[in-house]
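A.B. asks: Prediction below, plus the sequence it came from.
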Amino acid sequence: MRLHYHTTEDPTVDLTSLIDVVFLLLIFFMVSTTFERQAFLKVDLPEASEVEDRSDIPEFLELIIDSEGRMYLNDRRLVDSEENTIRAAIQESAGDDRSMPLILRADRMTPHHFVVTAMDVAAQLGFENLSIATDRSDGPAE
């Protein structure tokens, strides 16, 4: 009996079609994904400039945060830097007037979360006129 020997080829998998399908899925998900931007508080950042002294400056609230996180509202020190304390102090000073300008002045060494907490409280109270004060000095006084 005579047997025929066939040369066997190694099985190969053609990945071209698989790559095409994965690429098309990637494109589909990229195109169909929606990106949503949410802004809870619009902040117009000021630029430092020299301003003439004016006598008709409207009444405003100034919240100062030092490098230790201590807060001062119109030169009165707050008991602590908690949200409820800040909210109560601002409500007491501003009353029902939410159009009053609120100036936020922070030391450059102030931890970021104190500034964010103050901005969040201002947004929750409905203040629309929030300014962040800048300092023209190049460095600390020696």
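C.D. replies: Received, thanks. Quick caveat: nothing in here was measured; it's all calculated off a predicted structure. Numbers count the residues shown, from 1 in each chain.
A.B. asks: Distance of the most centrally placed residue in the chain relative to I65?
C.D. replies: Nearest to the mean C-alpha position of the chain, counting by CA atoms, centre = their mean, stands V116 at 7.5 Å. Remark: distance between V116 and I65 (CB to CB, to the nearest Å) = 11 Å. Any C-beta I mention is one placed from the backbone N, CA and C, and that applies to glycine too.
A.B. asks: before we move on, what about M100?
C.D. replies: For M100 relative to I65 (CB to CB), the value is 19 Å.
A.B. asks: more crowded one of these two?
C.D. replies: Neighbours per residue (other CB atoms under 10 Å) separate M100 from I65, with I65 holding more: 22 against 17.
A.B. asks: Which pLDDT value goes with that one?
C.D. replies: On the pLDDT scale, I65 is placed at 89.
A.B. asks: okay but it is in contact with R108, surely?
C.D. replies: No - counting by CB atoms under 8 Å, I65 does not reach R108; the two are 10.8 Å apart.
A.B. asks: contacting residues around the residue nearest to I132 when sequence neighbours are not counted?
C.D. replies: With CB to CB, 6 or more residues apart in numbering as the criterion, I132 has its nearest non-adjacent residue at 5.1 Å, and that residue is L104. Counting by CB atoms under 8 Å, 6 or more residues apart in numbering, L104 touches 63, 65, 115, 118-119, 122, 130-133.
A.B. asks: Just the buried ones from those?
C.D. replies: 63, 65, 115, 118-119, 122, 130-131 (16 or more other CB atoms under 10 Å).
A.B. asks: Show me those that map onto helices.
C.D. replies: Within the buried ones among the contacts of L104, residues falling in helices by DSSP state H are 115, 118-119, 122.
A.B. asks: ok, which stretches of this protein are strands?
C.D. replies: Applying DSSP state E to the chain gives strands spanning 61-65, 71-73, 76-77, 102-106, 130-132.
A.B. asks: got a list of contacts for the second one?
C.D. replies: What that stands for is strand 71-73. Contacts for strand 71-73 (CB under 8 Å, 6+ apart): 61-66, 77-78, 81, 85-86, 89-90, 93, 114, 118.
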